[in-house]
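> Just the structure for this:
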Amino acid sequence: MLSYLTSILRQTNKSFFFRCEQATITKASDTQLLVSANVAGIPCREQLNGSTTISVLIPIPTDKNGFQITTNFLGTNNRFTLSSDSQYIANVNLQYPKCSGMAHRVDSNWLGTFILDDSCVQSECCCLVDKVGISKLNNTQLLVTANVAGATCGVHAPTTVEIPIPIPQDKHGFQLTTFFVGSINRFTLTYDNQYIANANLQAPRCSGMARRS
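You can find the predicted model right below:
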């Protein structure tokens, strides 16, 4: 499975216009790949009957020794070229050159040190504070190390915690929903690997944000 972050990836089909932030390419069969992406914009919502995602089958590329394909994609002819290091895809729309674009490969990287904001309400929550470190514990788990503070942490609770969490698999490795510090939380890593948003699904005021240091 390949994930690509798109800086500009646009297609025009009559009045059809879409912009996507990430495209994922998977093998659908021995002859086809499946391109999946989120889309945004009023014209594309109308064209897709309100859908915000697309899934488009394309032939497995064979031109340029497998590094290029020219095919119909959402109503227009496009040429996709994979760079020799397999890190970039250039999309040339042969009918609408202004609708061409470029995408680069992305992989999730949760490891490192992140600085926490102060949006978690300590008078109501047990909050991670200051900074959080994330390291690999084993092949299935990460280890979160952080200082904690807040009314619900408990009088005799430690001020530093080490909590194992599963290695994220949702959203192609960019999201995890799990039990964490007494409640269900959804952690989302931005595609540039610089920010983690924590949404506490049981106590929204206990949510927060962290940025890579």
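> Only C-alpha atoms from now on, for both contacts and neighbour counts.
Noted.
> and the residue nearest to D130 when sequence neighbours are not counted, how many neighbours?
Excluding the flanking residues, the one nearest D130 by CA to CA, 6 or more residues apart in numbering is L116, at 5.4 Å. The local packing of L116 (other CA atoms under 10 Å) involves 23 other residues.
> per-residue pLDDT, L116?
On the pLDDT scale, L116 is placed at 97.
> Would you agree it is in contact with G133?
No - counting by CA atoms under 8 Å, L116 does not reach G133; the two are 10.5 Å apart.
> Any stretches of the protein with poor pLDDT?
Of all residues in the chain, those with pLDDT under 70 make up the ranges 1-21, 40-47.
> and it, what are its domains?
2-105, 112-212 (automatic domain parsing).
> And stretch 100-114, what's buried?
The neighbour-count check on stretch 100-114 (16 or more other CA atoms under 10 Å) flags 100-106, 108, 110, 113-114 as buried.
> now stretch 63-72
For stretch 63-72, by 16+ other CA under 10 Å, it's 67-71.
> can you list contacts of it?
58-62, 77-84 (CA atoms under 8 Å, 6 or more residues apart in numbering).
> Which pair in the residues you listed has the greatest spatial separation?
N77 and S84 (22.6 Å; CA to CA).
> The two - which one has more neighbours?
Taking neighbours as other CA under 10 Å, N77 and S84 compare with N77 leading, 15 against 9.
> Helices of the protein, start to end?
Using DSSP state H, the helices of the chain run over residues 42-47, 170-173.
> Show me the beta-bridge partners of A146.
Beta bridges link A146 to V132, V161 when assigned by DSSP bridges.
> Please read the previous query as pertaining to L128.
Beta-bridge pairing of L128, defined through DSSP bridges, involves V148.
> how close does Y195 get to I163?
Noted for Y195: a distance of 19 Å to I163, by CA to CA, to the nearest Å.
> Tell me which of these two has more neighbours.
Relative neighbour count places Y195 above the other of Y195 and I163, with 19 against 14, counting by other CA under 10 Å.
> Quick check: closest non-adjacent residue to that one.
R211 (4.3 Å).
> now do K131
Per CA to CA, 6+ apart, closest to K131 is I115, 4.4 Å.
> next one: L142
Nearest residue to L142 in three dimensions, chain neighbours excluded: K136, at 4.5 Å (CA to CA, 6+ apart).
> Just to check, that neighbour is in contact with P164?
No - contact criterion CA under 8 Å: K136 and P164 do not qualify, at 9.3 Å.
> Give me the common contacts of these two.
With CA under 8 Å, 6+ apart, K136 and P164 have common neighbours 142-143.
> Next up, the contacts around K131.
For K131, the contacting residues are 113-116, 146-147, 210, by CA under 8 Å, 6+ apart.
> which one among the residues you listed gets closest to S51?
Nearest member of these to S51, counting by CA to CA, is A210, at 30.8 Å.
> The closest one contacts N193, correct?
No - A210 is not in contact with N193 according to CA under 8 Å; the separation is 11.0 Å.
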